[in-house]
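**Student:** sequence-free structure coming up:
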């Protein structure tokens, strides 16, 4: 090496800082221009919510700082390729093995109700399936198992008794000729859980039985869980959503018909339509790529009986003619095809002249169930317990209702919010 050769001086930190600044400003500018020129969606199908709109300028919002806060929210909701980045982040976390532990595991050892004696005969096919080696994981209070997502039930006996007492209250109104029914819908995991994961949730049948044993003796109890269990291998619950499919609702309808002395319609000759590519609520919650690769379809049946469908209001006797199915919905909103979603009150009148007129009090599970009733009833009124605020009892009398069915999923029957909403209808 030549001793007179001077080694090259390292590039100055200032030079590198300049390069970093240029690259950063360049990327920021490209992102800004892309964000301003790209097409902005009003709704995120992936999250099933309205996206933030660019705020209008006012002196008051500018001075308070709310204007810039809204701009910040707008850009957070509208940056380029947002959905792809969210999906990529979820997939990346999944591959790294990130799991959520935000779950309270049900422990039968600490549950006094689990060992209570019951009056009815237990279904011998109930209980977890044998372990088959399949591995699941808990993500954000959802159990992801065999490329499906499941809610995990853990409700207690005290809440179930409160629910039963509210239903008893309607039975004790002594409305002449009114027959009250109750139908509790189990969760999908009741039929898919294996022995390995049995402690993830509380068995549904004893909880339903506890409610039914607390109801007045003249209230008719619908054992939909036993009928659904016979078809556990069919497509009765969605893969990516917390609801049941129309087929699951159909089997509950068959159980109801048996209880109510009706002949259920056969689906063999009934035409249907299907909405494909449905990624539901549990996918949106977990963003699990296994669910994304196992999307659902929403089937709805086109019954032959002609009917008139009306949307009501809090005003008794006011009805506006409409359609039973919201066929314009798609994507993440596909379940809203049934009864056009969660409307406060609707009425269906059919060609049947048998004198049977039923009111259905429900949450969203009831939407897929209600259309089957038009095959057996002269009139069907459907009330959403969460949204209807009219005089419910007066409406029952005004419409000549002689049958009243409360249909709720097992979570709703153990949740103070729903129990109070049902109770509030009577007021």
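**Tutor:** Noted; the coordinates are in hand. Nothing here was measured: the structure is a model prediction, and the numbers come from that model. Numbering: from 1, shown residues only.
**Student:** pLDDT score assigned to residue 21?
**Tutor:** Residue 21 carries a pLDDT value of 79.
**Student:** wait, residue 189
**Tutor:** So, for residue 189, pLDDT stands at 98.
**Student:** so who does it touch?
**Tutor:** Contacts for residue 189 were tallied using CB atoms under 8 Å, 6 or more residues apart in numbering; they are 143, 150-153, 200-201. Where you see a C-beta, it was placed from the backbone N, CA and C, and this is true even at glycine.
**Student:** any idea whether it is helix, strand or coil?
**Tutor:** helix (DSSP: H, G, I helix; E, B strand; the rest coil).
**Student:** relative to residue 162, how far out is it?
**Tutor:** 23 Å (CB to CB, to the nearest Å).
**Student:** check which residues of stretch 337-348 are buried.
**Tutor:** 337-340, 342-348 (16 or more other CB atoms under 10 Å).
**Student:** which one of these is nearest to residue 131?
**Tutor:** residue 338 (35.9 Å; CB to CB).
**Student:** who's the closest one bridged to?
**Tutor:** Per DSSP bridges, residues listed as beta-bridge partners of residue 338: residue 325.
**Student:** pLDDT score for it?
**Tutor:** 98.
**Student:** just to check, it is in contact with residue 301?
**Tutor:** No - counting by CB atoms under 8 Å, residue 338 stays clear of residue 301, with 10.3 Å between them.
**Student:** any residues in contact with both of these two?
**Tutor:** Common neighbours of residue 338 and residue 301 (CB under 8 Å, 6+ apart) are 246, 371.
**Student:** not counting its neighbours along the chain, what's nearest residue 231?
**Tutor:** Leaving aside its sequence neighbours, residue 231 sits nearest to residue 251 (CB to CB, 6 or more residues apart in numbering; 5.5 Å).
**Student:** low-confidence stretches in this protein?
**Tutor:** Applying pLDDT under 70 to the chain picks out residues 1-13, 31-32, 34-51, 54, 60-125.
**Student:** one more time with 50
**Tutor:** 1, 46-49, 86-122 (pLDDT under 50).
**Student:** as TSV, the buried residues of stretch 337-348 with secondary structure would be great.
**Tutor:** Listed next are the buried residues of stretch 337-348 as TSV, based on three-state DSSP:
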residue	secondary structure
337	helix
338	strand
339	coil
340	coil
342	coil
343	coil
344	coil
345	strand
346	strand
347	strand
348	strand
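**Student:** which of those residues sits closest to residue 56?
**Tutor:** Distances from residue 56 to the buried residues of stretch 337-348, taken by CB to CB, are shortest for residue 342, at 30.7 Å.
**Student:** ok, which stretches of the stretch 151-300 of the chain are strands?
**Tutor:** Along the stretch 151-300 of the chain, the segments classed as strands by DSSP state E, counting those that start in this stretch run 179-185, 220-222, 271-278, 296-302.
**Student:** tell me the most buried of those strands?
**Tutor:** strand 179-185 (a mean of 23; mean count of other CB atoms under 10 Å).
**Student:** can you list the residues that contact it?
**Tutor:** 167, 170-171, 208, 211-212, 215-216, 218-222, 224-225, 244, 252, 255-256, 259-260, 365, 402-410, 413.
**Student:** same thing with stretch 247-254?
**Tutor:** Against stretch 247-254 from outside (CB under 8 Å, 6+ apart): 183, 185, 222, 224, 227-228, 230-231, 234-237, 244, 264, 267, 299, 365, 368-369, 372-373, 407.
**Student:** hmm, residue 225 and residue 190 touching each other?
**Tutor:** Yes - contact criterion CB under 8 Å: residue 190 and residue 225 qualify, at 7.2 Å.
**Student:** anything in contact with each of the two?
**Tutor:** Common neighbours of residue 190 and residue 225 (CB under 8 Å, 6+ apart) are 204-205.
**Student:** which PyMOL command selects the buried ones in the contacts of stretch 247-254?
**Tutor:** Those of the contacts of stretch 247-254 that count as buried under 16+ other CB under 10 Å are selected in PyMOL with:
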select buried, resi 183+185+222+224+227+228+236+237+244+264+299+365+368+369+372+373+407
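**Student:** in a strand, residue 387, correct?
**Tutor:** No - going by three-state DSSP, the assignment for residue 387 is coil, not a strand.
**Student:** is it in contact with residue 344, as I believe?
**Tutor:** Yes - the criterion here is CB under 8 Å, and residue 387 meets it with residue 344 at 4.1 Å.
**Student:** can you pull out the helices in the chain?
**Tutor:** 13-37, 59-64, 66-78, 82-96, 157-171, 204-213, 224-229, 246-260, 281-286, 289-292, 366-369, 392-398, 416-426 (DSSP state H).
**Student:** with distance to residue 196 as extra columns, can I get the ones you listed in TSV?
**Tutor:** Below are the helices of the chain laid out as TSV (distance: least, CB to CB, whole Å):
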stretch	distance to residue 196
helix 13-37	47
helix 59-64	55
helix 66-78	40
helix 82-96	21
helix 157-171	26
helix 204-213	18
helix 224-229	20
helix 246-260	25
helix 281-286	20
helix 289-292	18
helix 366-369	31
helix 392-398	45
helix 416-426	31
